[in-house]
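J.: need a structure here:
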Amino acid sequence: MKKLLLSFAMAAGLMSAKAQSDYNSAIGLRIGGYDDLVSASYKTHVTKPGALEFNLGFRGRSYGSFDWVTVAFSAAYQHHFEIKPVPGLRWFVGGGLTAYNSFSNYDDYKGFGLGIFPTGGIDYKFEKIPLNLSADVRPTFGIVDPYDAPGYKHRNFRGDNFGISARYTFR
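T.: Just a heads-up that it's a prediction; the model follows:
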């Protein structure tokens, strides 16, 4: 019985911490990024300032007669800070991991990749409607890079990883 009460108290504490943020969870789209030009985006607050964001997306490319598609998954922790003059506006910093796989008709453009990234950006939750907008930067350091073509060899850093998101929010 004590374990059940303790579990209930911990769950209630977590729920009250989540209820203190502008929204608990949100689902929508993220546009941008290096390996995933378009992705589904899910964000959930685990504490008042802390949130987890998950993205699952894809990007198609072609180079001459070579075509390839990359499917990517990323997960990030974001720690938010209020910007006092504007209710609902916050900035965040954090970090995450991305894993992707490329499929191609050319061997040099296919395979599994893995990277880590710091992240930072802004997040805004509209007061009257259930909409969240955010913009972020994720400069990515490649740990595993599958591309073996001449233009991609030894490319371990991608600083051009920017994105914007629009999500429907849930209380």
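
J.: how about the helix or strand containing Arg61: buried residues?
T.: With elements taken from DSSP states H and E, the one containing Arg61 is strand 50-63. Residues of strand 50-63 classed as buried: 50-55, 57, 59 (neighbour count, 16 or more other CB atoms under 10 Å). For every residue, glycine as well, the C-beta is placed using N, CA and C.

J.: Which neighbouring elements make contact with it?
T.: Strand 50-63 is packed against strand 38-45, strand 66-82, with contacts defined by 3 or more CB pairs under 8 Å, 6 or more residues apart in numbering; DSSP states H and E.

J.: Residues contacting it, please?
T.: Strand 50-63 is contacted by residues 21, 30, 33-46, 67-80, 92, 96, 109, 149 when judged by CB atoms under 8 Å, 6 or more residues apart in numbering.

J.: how much does it deviate in direction from strand 38-45?
T.: Counting by axes from the mean of the first three to the mean of the last three CA atoms, to 10 degrees, strand 50-63 points 170 degrees away from the direction of strand 38-45.

J.: could you check the angle strand 66-82 makes with strand 50-63?
T.: Strand 50-63 and strand 66-82 are oriented at 160 degrees to each other (the same axes, to 10 degrees).

J.: the strands in this protein, which residues?
T.: 25-32, 38-45, 50-63, 66-82, 89-104, 111-125, 131-137, 140-144, 157-158, 162-170 (DSSP state E).
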